[in-house]
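>>> fold the following, please.
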Amino acid sequence: MIKSMTGYGKAVAETAQKKITVEIKSLNSKQFDLNTKVPWLYKEKELEIRNMISQLLDRGKIDFSIYFDMLEDEGIPVINKTVVKSYFRQLREMASELDVNVDDQIMPIIMRFPDSLKTEKPELTEDEWNLVRERIVESVNTLDLYRTTEGKSIEDDLRKRISGILECLAEVEIFEPGRIEKVREKLYSILCDNKGAENIDMNRFEQELIFYLERYDINEEKVRLKKHCEYFLETVESPAPNGKVLGFIAQEIGREINTLGSKANDASIQKLVVRMKDELEKIKEQTNNIL
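Predicted coordinates:
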């Protein structure tokens, strides 16, 4: 089973005071790369959050965030009455000493003084954290389901590409007999032009031809290429994560295709090799996004 490294998950929870939203998304990466963005209220739980996500998800570039909207007045700054009264009393005493009037306009000035407003930060309750933790797991499960769904479409495409390579490989068989005959005729023509047909020892020619054609034999490459393709399809069905293994197999498939092309010495087979390389490039693009 294939899973994509790309995914998205979201979960929402509500308490009496706030609406909490948990979001997580992932892109392809060679390793596990987690970036978290959490409000001050959950900073004490950040390490636990990172451990939780790392246990639930495999590699990928993962962005995780929590944010909340206040539904009540909790967290809104309130007037620090004690401080404001102290400021007012001091200003009134100073005004009396300086023989100046203190009117109502002094209040906006006082409210700009330090600590005239205070914000009481609420504590994170155990009930709220349990709720958030459940939503984290829910968002991760949603992302994992997204990965599985996208992985299925990747798998269908990979099977199509491997099938294309195997079809081209089967077509090679059609041109192989003619390829050997063309090589034989070419070598014989070169000898005739240089030594004359009457001076050619046909027994020796056939012996040398066999030795020469061994360099152009592609049976081993065909067998290995077919086996690599079969192994690729087997690995596709193995449990995730299997993206790195599929990438290694794709490299081996590429080596056999390249060797096949270098030894083919035939225009028709070279065209098939080009088609196989095109399919392989699409496979490599897909394996880069497989978990």
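
>>> quick one: the helices in the stretch 51-200 of the chain?
81-98, 106-110, 126-195 (DSSP state H, counting those that start in this stretch).

>>> deepest of these, which one?
Comparing the helices of the stretch 51-200 of the chain by mean neighbour count (mean count of other Cβ atoms under 10 Å), helix 126-195 ranks first with a mean of 16. Where C-beta positions appear, they are placed from N, C-alpha and C, glycine not excepted.

>>> how close does residue 137 sit to residue 78?
Remark: distance between residue 137 and residue 78 (Cβ to Cβ, to the nearest Å) = 36 Å.

>>> right, I mislabeled it, should have said residue 123
Taken as Cβ to Cβ, the span from residue 123 to residue 78 is 17 Å.

>>> did I read that right, residue 34 in a strand?
Yes - counting by DSSP: H, G, I helix; E, B strand; the rest coil, residue 34 is found in a strand.

>>> which SSE is immediately downstream of the lowest-mean-pLDDT helix or strand in the chain?
Within the chain, no helix or strand scores below helix 202-214, which has a mean of 67 by mean pLDDT, DSSP states H and E. With elements assigned by DSSP states H and E, the helix or strand that comes after helix 202-214 is helix 219-236.

>>> any idea of the mean pLDDT in that following helix?
For helix 219-236, mean pLDDT rounds to 94.

>>> same check, this time on stretch 251-269
90.

>>> and it, which residues are buried?
252-254, 256-257, 259-261, 264-266, 269 (16 or more other Cβ atoms under 10 Å).

>>> starting at the chain centroid, how far to that stretch?
30 Å (Cα atoms, centre = their mean, to the nearest Å).

>>> ditto for stretch 59-75
Worked out by Cα atoms, centre = their mean, stretch 59-75 lies 23 Å from the chain centre.

>>> ok, the residue nearest to residue 92 when sequence neighbours are not counted - contacts?
Once flanking residues are discounted, residue 92 sits nearest to residue 102: 5.2 Å by Cβ to Cβ, 6 or more residues apart in numbering. Contact analysis of residue 102 by Cβ atoms under 8 Å, 6 or more residues apart in numbering lists 91-92, 95.

>>> hang on, residue 50 packs against residue 38?
No - with contact defined as Cβ atoms under 8 Å, residue 50 does not count as touching residue 38 (10.0 Å).

>>> between these two, which one's more packed in?
residue 38 (18 against 15; other Cβ atoms under 10 Å).

>>> now the more buried one: phi and psi?
phi -130, psi 150 (degrees, to the nearest 10).

>>> tell me which of the helices of the stretch 51-200 of the chain sits nearest to residue 235.
The closest of the helices of the stretch 51-200 of the chain to residue 235 is helix 126-195. By Cβ to Cβ, the value is 10.1 Å.
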